[in-house]
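> Coordinates for the following, if possible.
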Amino acid sequence: MPEAPNILDARALTVSRRVDAALARVLDGVDLELRAGTLVDVVGPSGSGKSTLLLALARLLPGVAGALALEGRTADTIEPRLWRMLVAYLPQRNALQPGTVAANLTLPWRLNIRAGIQTPDDATLREALDRVRLADVALGRDVARLSEGQAARITFVRTLLTGPRVLLLDEPDAALDGESSAAVGTATREFADAGGAVVRVRHHVADGLADRRLRLEHGHLTEVAS
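Below is the predicted model:
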């Protein structure tokens, strides 16, 4: 069977930040290949640059040296807003706006870059919520009445619904109980199995879903033996 094609390629990613009046490299020439159908976990000590890596891959961080390519196209040929549609970054903190669950789930389709793209209907929204153990959350519920874990799953569902090629997840289950974490993990695995690619920053014990585990420390990525 032929190998799956690369979706995202990162070469020699380098990010420096000032520490005590000196420049320290958070990412020191990091290379990363993401193949279709692959879920990669990135682990490492606090402050090692795991979130920085995701931001660099999403082109959300200024001052990054190195090269990025998406499905064979170099980053400089893809408009940043389009890149971020295709390479979707989900931060640790949820980004819900005042209003209902349904209004938050459909927010991306009210942006100009998705003009003309059909908004998911209520049945699609309902099915997506049910998959991550949110069957008891009505589409009309005010998001101010959500728990932290519910809000985290709403933002995760919204990101999935946008149909990216790559998911960059920064501790997506940090605020979740065991069953909810398992549901989000299953949905993430299904996204990869359908041909996407995932980079998932985690602090939890390995859940057996990832194809690869990488450790980021002292600016370098190394493979973690399974």
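> what kind of secondary structure is Arg213 in?
Assigned by DSSP: H, G, I helix; E, B strand; the rest coil, the conformation of Arg213 is strand.
> for it, what are its contacts?
Arg213 sits next to 40-43, 206, 223-224, 226 when contact means C-beta atoms under 8 Å, 6 or more residues apart in numbering. Where you see a C-beta, it was placed from the backbone N, CA and C, and this is true even at glycine.
> And Ala75, by the same measure?
59, 67-69, 83.
> Just the buried ones out of these, please.
Neighbour-count burial (16 or more other C-beta atoms under 10 Å) applied to those gives 59, 68-69, 83.
> Buried residues in stretch 28-47, which are they?
Buried-residue list, stretch 28-47, by 16+ other C-beta under 10 Å: 28, 30, 32, 34-44.
> Pull that stretch out as CSV, backbone CA atoms only.
Extracted as CSV, the C-alpha positions of stretch 28-47 are listed here (Å, rounded to 0.1, in the frame of the first residue of the first chain):
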residue,chain,number,x,y,z
ASP,A,28,15.6,25.4,17.3
GLY,A,29,15.3,24.2,13.7
VAL,A,30,12.3,21.9,14.2
ASP,A,31,11.2,19.7,11.3
LEU,A,32,7.8,18.0,11.2
GLU,A,33,6.0,16.0,8.5
LEU,A,34,2.3,15.4,8.9
ARG,A,35,0.8,12.7,6.6
ALA,A,36,-2.9,12.3,5.9
GLY,A,37,-4.5,10.0,8.4
THR,A,38,-2.0,10.7,11.1
LEU,A,39,-2.6,11.8,14.7
VAL,A,40,0.6,13.1,16.4
ASP,A,41,0.9,13.9,20.1
VAL,A,42,3.4,16.4,21.3
VAL,A,43,4.5,16.2,25.0
GLY,A,44,7.1,18.0,27.0
PRO,A,45,7.7,20.0,30.2
SER,A,46,5.8,23.2,30.8
GLY,A,47,7.3,26.1,29.0
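> Closest to Arg110 out of the buried ones among the contacts of Ala75?
Trp83 (20.0 Å; C-beta to C-beta).
> Any idea what Asp28 is bridged to?
Thr14 (DSSP bridges).
> ok, it touching Thr14?
Yes - counting by C-beta atoms under 8 Å, Asp28 does reach Thr14; the two are 6.2 Å apart.
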